[in-house]
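Chemist: Next comes the sequence, and after it the predicted model I'd like to discuss.
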Amino acid sequence: MCTSTKPGLADRLTQDIRTLVNSPRPKAHTSIALYDRTTKTSCTYDADRQHDSASVVKVIVLGALLRQAQDEHRDLTGAERALATKMITRSDNDATTTLWRQLGLTRIRQFLHLAGMQRTVPDPDGYWGLTQINAADQLTLMALFTATNPVLNDDSRAYALDLLNQVIPSQRWGVPAGAPSGARVHMKNGWLQRTGGGWRVHSVGAFTGNGHNYGLVVLTSDHADMAAGVEAIENLARKIHADINQTATRTGLTLRSRHLPGTSDGSLVPESIR
């Protein structure tokens, strides 16, 4: 499950993750992927399981948009910047649909191929919130934003990280829980209720600055309600942050301190662009 060059860290993470994912949660499925560049630590748990993306697909849309601008040797237009800002920081669905239509499935698939996200599959009927994702590919995407690579240049990466750091407070639950107080948090969440299939509640993030450079992805499906999914993610996040950063002061974000929406993120928006 975990490997690390730091003595004792892999065993500690493995034990803590197993304890939490094996706690009684009828029907719920959890997938985890972690990589810490500082300690060369890697963890995966059911990381290849496919989940409905909900709004975390918006990070893919952002990456594809930035790559499109690079391929066309231009900066993002003012309109594109406005749409990307609304899409990431406020999880705006209309902005996402506009950008999804602009990009088209061919370009989105090209970006997924370039990024090495081979098992991420856009919905064939045009429902971008039903893109099939997995924790391993989502961690690959977050890693693109935090290290030099041939897919996204430095300006694109800096722009993406800045947007992912500006998510509005009401949507900053999930993997930031328990993060070291000196780290810069870049994150995106998704929350989607499926008829007869429970809640999909996801959180993806990267943590940089002050000696930190790691990514954490937790995808969950089939929870009875959104709060149960958020609680499961945050319990895992706190343990993982604590294990990696044993001497750091951590944020005190708690589920009880925030009002969670009682409805889905609205990501079941059809866009026929086949």
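Modeler: In hand now; what should we look at? Numbers count the residues shown, from 1 in each chain.

Chemist: Show me which helix runs longest in this protein.
Modeler: When the chain is parsed with DSSP state H, its longest helix is helix 93-115.

Chemist: And it, what does it pack against?
Modeler: With contacts defined as 3 or more C-beta pairs under 8 Å, 6 or more residues apart in numbering; DSSP states H and E, the packing partners of helix 93-115 are helix 57-71, helix 78-89, helix 135-146. C-beta coordinates here come from the backbone N, C-alpha and C atoms, glycine included.

Chemist: Arg74 and Leu65: what is the separation?
Modeler: 12 Å (C-beta to C-beta, to the nearest Å).

Chemist: err, Ala147, not the other one
Modeler: With C-beta to C-beta as the criterion, Ala147 and Leu65 are 20 Å apart.

Chemist: out of these two, which sits in the busier spot?
Modeler: For Ala147 versus Leu65, the count of surrounding residues by other C-beta atoms under 10 Å is larger for Leu65: 25 against 11.

Chemist: Please look at that one and Leu76 and confirm they touch.
Modeler: Yes: between Leu65 and Leu76 there is a contact under C-beta atoms under 8 Å: 7.1 Å.

Chemist: Next SSE downstream of the helix or strand hosting Asp162?
Modeler: Using DSSP states H and E, Asp162 maps to helix 154-164. As assigned by DSSP H and E, the chain's next helix or strand after helix 154-164 is strand 184-194.

Chemist: State the mean pLDDT of that following strand.
Modeler: Regarding strand 184-194, the rounded mean pLDDT is 97.

Chemist: and the angle for it with helix 78-89?
Modeler: For strand 184-194 against helix 78-89, the angle by axes from the mean of the first three to the mean of the last three C-alpha atoms, to 10 degrees is 80 degrees.

Chemist: Report all helices and strands that strand 184-194 contacts.
Modeler: Contacts defined by 3+ C-beta pairs under 8 Å, 6+ apart place strand 184-194 against helix 57-71, helix 135-146, helix 154-164, strand 198-209, helix 226-244.

Chemist: 6 Å instead, please
Modeler: Strand 184-194 sits against helix 154-164, strand 198-209, with contacts defined as 3 or more C-beta pairs under 6 Å, 6 or more residues apart in numbering; DSSP states H and E.

Chemist: Point out the most buried one among those.
Modeler: Of all those, strand 198-209 carries the top mean neighbour count, a mean of 25, counting by mean count of other C-beta atoms under 10 Å.

Chemist: That one vs strand 184-194, what angle?
Modeler: If you take the same axes, to 10 degrees, strand 198-209 sits at 170 degrees to strand 184-194.

Chemist: hmm, back to that, arrange the helices and strands packed on helix 93-115 in CSV, one row each, with distance to Gly190 and mean pLDDT as further columns.
Modeler: Shown next, in CSV, are the helices and strands packed on helix 93-115 (distance: least, C-beta to C-beta, whole Å; pLDDT from 0 to 100):
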stretch, distance to Gly190, mean pLDDT
helix 57-71, 7, 99
helix 78-89, 12, 99
helix 135-146, 10, 98
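
Chemist: Flag the shaky bits of the protein, pLDDT-wise.
Modeler: 24-26, 247-262, 268-274 (pLDDT under 70).

Chemist: Repeat the analysis, applying 90 as the threshold.
Modeler: For the chain, residues meeting the criterion pLDDT under 90 lie at 22-28, 124-126, 194-197, 246-274.

Chemist: for it, which residue is closest to the average position?
Modeler: Val204 (2.3 Å; C-alpha atoms, centre = their mean).
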